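**Q** generate a structure from the sequence data that follows.
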Amino acid sequence: MAALIGTPAVLVTAAAAWAAGRTQSRGAYHGPVDAVRRTAQREAYADLYRSARRFIDAFENAEEALDRVPRNEPDDLPSDVRELVSEMHEAQDALERAADMVRLEGPESLARIADRIWDSAAGLGGQRLGARWGRTAPLFTATIATPEQNVARNKAMTEFTAAHRGLLPAARAYLNGGPPGRRG
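**A** Now for the predicted structure:
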């Protein structure tokens, strides 16, 4: 009779030990995988932040240089202005790749920030037109000619700045303790 009473206790103890061992083995497996993933995410977020800073600096330099060029000669830009516009487009391309990586790595809240940064950057420097400088380099419409263009530029700049400012706190909160908003 004592053996029959003791058997369920042994089974419960064995099941608890099995569950604890399974949990521990999952942690041993997922720990290194999670560490590698966190590193990839950290690098993606940092690259987006740096790429956004590089883009906005290049955009402002190109915008300022284009403001000095007479508006009636857009196809005959000085070489230094063409170079600044080209640098801005290179920075924009790097920003697009960085935003894509954050979209891939996630989480969704940080992917939305990457979308906001990219969309506003495209609003600032993305209007690539078919102007030809030896048929190789695109032009963008940085010269504000209408009130509507000014409103659109200012809206894109405000959105870019807000999204860029929000990136690091959201990334830090996610990497240091879970989804943004839950901690930090």
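**Q** going by C-alpha atoms from here, please, whenever you check contacts or count neighbours.
**A** Will do.
**Q** for this protein, give me the ranges with low pLDDT.
**A** 1-12, 14-31, 71-75, 126-145, 178-184 (pLDDT under 70).
**Q** all helices for it, in order.
**A** Along the chain, counting by DSSP state H, helices occupy 2-67, 79-105, 108-125, 147-175.
**Q** can I get those in TSV including mean neighbour count?
**A** Putting these into TSV (neighbours: other Cα atoms under 10 Å) gives the following:
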stretch	mean neighbour count
helix 2-67	15
helix 79-105	20
helix 108-125	21
helix 147-175	17
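**Q** burial count for residue 70?
**A** Residue 70 sits with 10 neighbouring residues when counted by other Cα atoms under 10 Å.
**Q** please begin residue numbering at 37 from this point
**A** Sounds good: first residue 37 from here, last item residue 106.
**Q** which residues touch it?
**A** If a contact means Cα atoms under 8 Å, 6 or more residues apart in numbering, then residue 106 has no contacts.
**Q** now it: how far from residue 113?
**A** Noted for residue 106: a distance of 9 Å to residue 113, by Cα to Cα, to the nearest Å.
**Q** next: residue 206.
**A** 41 Å.
**Q** then residue 146?
**A** For residue 146, the distance to residue 113 equals 39 Å [Cα to Cα].
**Q** likewise residue 145?
**A** Using Cα to Cα, residue 145 is found at 41 Å from residue 113.
**Q** check residue 76 too.
**A** Distance from residue 76 to residue 113, by Cα to Cα: 41 Å.
**Q** go on, residue 198?
**A** Here the criterion is Cα to Cα. By it, residue 198 lies 32 Å from residue 113.
**Q** for residue 135, same thing?
**A** Taking Cα to Cα as the measure, residue 135 falls 31 Å from residue 113.
**Q** one more: residue 96?
**A** Taking Cα to Cα, one finds residue 96 at 17 Å from residue 113.
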